[in-house]
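A.B. asks: A structural model of the following input is requested.
(one chain, ligands or ions: 1)
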Amino acid sequence: MNVEQTIEKLYVVFIRRPLTVLRIEVNKLGKKHKCYVCGQTFRAFYPYRTDSASASSFLKELNMIGRGVDDFGCFYCNSSDRERHLFMFFDKLNLWQEFTQAHVLHFAPESNLSQSIRRMKPAQYVMGDLYPSNDEITRIDLTDIQFPDNSFDFVICNHVLEHVPNDRKAMREIFRVLREGGRGILQTPYSSILGKTFEDTNINSDEMRIRFYGEATHVRVYGCDLFERLEESGFRLEVVKNDELYSRNECSYYGVDHEEGLILVSK
Ligand SMILES: [Zn+2]
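C.D. replies: From the prediction side, this is the model:
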């Protein structure tokens with residue numbers, strides 16, 4: 001190890017890490033926000049890796065709904081804004097009980113939400129992901145779901161469709177595996193300014209996708225025609241407005257986007 005590396009290591013061990021710990025501890029003393037999932041209070045949520053200040057001027061113009069990147073994560077339970085928001089919707093709409101004895105497909109499962117769904121004792125609970133992070137999660141391609149028609153009573157797919165190149169096929173597949181009368185939650189960020197979804201195959205590098213779509217792994221910015229796409233896939237659509245359930249102050253307190261409604265679909 002040379003002198004520079006030694007100084008860098010000393011800096012990390014004796015200055016940067018203690019400062020980070022101190023910042024987290026001071027944050028925990030605050031009461032400005034509360035995590036709806038774990039109930040802890042603190043001064044601020046931690047931001048997503050691309051916060052709103054670092055968004056491109058293009059994205060800043062789009063009034064993105066459901067892109068909560070500043071009030072993002074809870075230091076205690078690691079819940080994200082979109083995960084907390086589902087807890088809030090499920091409580092107000094009494095959706096938890098629908099999981100009892102139900103066949104549930106949860107795509108890209110959030111850990112707190114998974115635990116709460118399990119507690120409702122579903123008859124079958126399948127966690128799926130294109131890139132499973134552990135053995136409990138089944139590898140499932142949303143555009144080719146390896147389950148028969150009418151397999152599930154409930155499908156949860158929270159902030160996934162914006163990553164899927166052939167999203168219409170994914171929507172049709174989710175529709176296919178839902179039983180008649182089954183329901184799904186299909187949250188995805190969208191622009192309230194754009195009438196039409198913006199996607200262009202020439203936007204083909206990480207840098208360009210971050211600039212135009214907000215994330216290297218996003219393949220589009222949905223416009224308000226998102227809802228038409230869902231209906232064209234066969235779903236009956238009900239968007240439950242957040243403002244009818246929670247005040248803006250409550251949304252700020254819990255760190256969720258008050259403009260983001262619940263995109264509830266049924267077959
Ligand atoms: Zn929490």
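
A.B. asks: From the ion, how far out is residue 52?
C.D. replies: Separation of residue 52 from the ion (C-beta to the ion, to the nearest Å): 21 Å. Yep, even glycine has a C-beta here, placed from its N, CA and C like the rest.

A.B. asks: how about the nearest residue to the residue in the stretch 151-267 of the chain positioned nearest to the ion, chain neighbours excluded?
C.D. replies: Residue nearest to the ion within the stretch 151-267 of the chain: residue 255 (9.5 Å; C-beta to the ion). Leaving aside its sequence neighbours, residue 255 sits nearest to residue 71 (C-beta to C-beta, 6 or more residues apart in numbering; 3.4 Å).

A.B. asks: before we move on, back to that, so for the residue of the stretch 151-267 of the chain closest to the ion, what's the pLDDT?
C.D. replies: pLDDT, residue 255: 94.

A.B. asks: For it, the count of nearby residues, please.
C.D. replies: Other residues near residue 255 come to 25 when the count uses other C-beta atoms under 10 Å.

A.B. asks: Return the helix or strand in the protein with minimum mean pLDDT.
C.D. replies: Every helix and strand in the chain was compared by mean pLDDT, DSSP states H and E; the lowest is helix 17-29, with a mean of 83.

A.B. asks: What is it packed up against?
C.D. replies: On a contact count with 3 or more C-beta pairs under 8 Å, 6 or more residues apart in numbering; DSSP states H and E, helix 17-29 meets strand 41-42.

A.B. asks: and residue 149, how many neighbours does it have?
C.D. replies: 9.

A.B. asks: contacting residues around it?
C.D. replies: By C-beta atoms under 8 Å, 6 or more residues apart in numbering, the contact list for residue 149 reads 176-177.
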